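> Give me a 3D structure for the following:
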Amino acid sequence: MFDIEHGNHGTVICRGRLDAAQCEKAEGFLAGLEGATTLDFAGLEYISSAGLGILLKTQKRLVADGGGLKIINVNNHIHDVFRYSGFHTIFDIRAK
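This next block holds a predicted model:
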């Protein structure tokens, strides 16, 4: 299961597992974002390569318009996924 919703102060809250089965839901939500956006991963348990692809697509679109994604409250496992994939150089990531 995966949930994504607007939180306080413009933050986007992500919970559950962002895998290939949930990419359409995530992509639909993220397509509506503009400017600088903070994603809160405190409740995110897992992210697959398909989920990383959706984030990369969103990041490229937002950066082209002068914005970008900041990802906060990343657990150790997900932080490792970003580091091993090299995505830690693409995103502003803050661990828990």
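
> Contacts only, for residue 3.
By CB atoms under 8 Å, 6 or more residues apart in numbering, the contact set of residue 3 is 13-16, 43. (Each C-beta comes from the backbone N, C-alpha and C, glycine too.)

> Can you add neighbour count and secondary structure and give those back as JSON lines?
Listed next are those as JSON lines, based on neighbours: other CB atoms under 10 Å; DSSP: H, G, I helix; E, B strand; the rest coil:
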{"residue": "13", "neighbour count": "18", "secondary structure": "strand"}
{"residue": "14", "neighbour count": "28", "secondary structure": "strand"}
{"residue": "15", "neighbour count": "16", "secondary structure": "strand"}
{"residue": "16", "neighbour count": "14", "secondary structure": "strand"}
{"residue": "43", "neighbour count": "13", "secondary structure": "strand"}
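
> biggest separation within those residues, which pair?
The widest separation within these, taken as CB to CB, falls between 13 and 16 and amounts to 10.6 Å.

> joint contacts of the two?
Listed as contacting both residue 13 and residue 16 by CB under 8 Å, 6+ apart are 3, 43.

> quick one, helices of this structure?
23-30, 49-64, 76-85 (DSSP state H).

> Low-confidence stretches in this structure?
Regions of the chain meeting the criterion pLDDT under 70 are absent.

> Surely residue 91 and residue 58 touch.
No. Using CB atoms under 8 Å, residue 91 is not in contact with residue 58; the gap is 10.2 Å.

> Now do the same contact list for residue 35.
Residue 35 touches 62, 65-67, counting by CB under 8 Å, 6+ apart.

> Can you report phi and psi for it?
Dihedral pair for residue 35: phi 70, psi -150, per degrees, to the nearest 10.
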